[in-house]
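[1] attaching a predicted model along with its sequence, questions to come.
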Amino acid sequence: MVSPQGAIAVFVKTPGYSPLKTRLAADIGQQAAEQFHVNSARAVQAVVQAASNQSSVTPFWAVAEPDACDDPLWSDFATISQGAGGLGRRLAFINQRLLEQHDFVIFLGADAPQLPVAYLTEAIDILTTPAESPRFVLGPAADGGFYLFGTTVCLSQDLWCSVPYSVSETASVLCKQLEPRGSVQRLPVLTDVDTVQELPLLQQELQQQETLLPEQRQILEWIQGVDFSGKV
């Protein structure tokens, strides 16, 4: 039997091409916020690479800016443009494009660098387990969004665009839309970082892990060097 072939898309923005981490930048400065984004993306890349070595998955950078798909920052994985429009349309676009050539797809944000490799391999196991109905896996973020989403089917643009993003109900609304369509498995909650207040929470979650990849230790050391005085 041929193993299911999957794709993992890490959603990123590119420094110098579009504003990024604007709320974090308001407290620690644009340069530091961009450094966090790059370090965080590198840690997520290492997690994806480790999982890819154990499973039949192909990693991609899903790049927000079409002109930045050839940027040296994203040279380690294949790149795919996120397409145009709001987040719902972009998620629908990547969902459709990658499922044209793969049996399942996993979306990852680049701002939860503490993601354990075990969470990602668990998501892959869920999506590759034979089942009669569609399977979905969701990694809920502490702010109500999600840091990971996986699916074995292509969801419509209407469904993706019906979800309110960057609000505390994002994950719950998405799950409510999915539950009539198939099984939704949830991973443990993690903090993803949009504000300076979330950096100490990320630090705590990194310190609670028994093992860290070198790139995860690097971002832990970076956070420990940030001066939070008067900001949290």
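    Looks like it arrived, so ask away.
[2] after the strand or helix carrying residue 37, next one along is what?
    Assigned by DSSP states H and E, residue 37 belongs to helix 30-52. Following helix 30-52 in sequence order, the next helix or strand is strand 57-63 (DSSP H and E).
[3] neighbouring contacts of that following strand?
    By Cβ atoms under 8 Å, 6 or more residues apart in numbering, the residues outside strand 57-63 that reach it are 5-14, 45, 48-49, 51-52, 69, 71, 74, 77-82, 90, 94, 98, 102, 106-107, 124. Every residue, glycine included, has its C-beta placed from N, CA and C.
[4] just the buried residues of those.
    Taking 16 or more other Cβ atoms under 10 Å as the criterion, what is buried in the contacts of strand 57-63 is 6-14, 45, 48-49, 51-52, 69, 71, 74, 77, 79-82, 90, 94, 98, 102, 106-107, 124.
[5] quick one: residue 24 from residue 36, how far?
    Distance of residue 24 to residue 36, computed by Cβ to Cβ, to the nearest Å: 7 Å.
[6] overlap in contacts, those two.
    Applying Cβ under 8 Å, 6+ apart, one finds that residue 24 and residue 36 are jointly contacted by residue 193.
[7] one step back: which of the contacts of strand 57-63 fall in helices?
    45, 48, 49, 51, 52, 90, 94, 98, 124 (DSSP state H).
[8] for the helix or strand of the chain with the lowest mean pLDDT, which positions count as buried?
    Ranked by mean pLDDT, DSSP states H and E, the weakest helix or strand in the chain is helix 22-28, scoring a mean of 90. By neighbour count on 16+ other Cβ under 10 Å, the buried set for helix 22-28 is 24, 25, 27, 28.
[9] list the buried residues in the helix holding residue 37.
    Buried residues in helix 30-52, counted by 16+ other Cβ under 10 Å: 32-49, 51-52.
[10] and which of the ones in helices among the contacts of strand 57-63 is nearest residue 209?
    residue 51 (15.5 Å; Cβ to Cβ).
[11] find the nearest non-adjacent residue to the closest one, please.
    residue 120 (4.3 Å; Cβ to Cβ, 6 or more residues apart in numbering).
[12] surely the one you found meets residue 148?
    Yes: counting by Cβ atoms under 8 Å, residue 120 touches residue 148, with 7.4 Å between them.
[13] overlap in contacts of those two?
    Overlap of the contact sets of residue 120 and residue 148 (by Cβ under 8 Å, 6+ apart) consists of 106, 108.
[14] the two: who's more crowded?
    Taking neighbours as other Cβ atoms under 10 Å, residue 120 and residue 148 compare with residue 120 leading, 26 against 23.
[15] residue 19 is in contact with residue 33, correct?
    No: Residue 33 is not in contact with residue 19 according to Cβ under 8 Å; the separation is 9.6 Å.
[16] show the low-confidence segments of this protein, by residue range.
    Within the chain, the ranges that satisfy pLDDT under 70 run 1-3, 228-232.
[17] if we go to 90?
    Within the chain, the stretches with pLDDT under 90 are 1-4, 18-21, 27-29, 54-56, 130-133, 166, 224-232.
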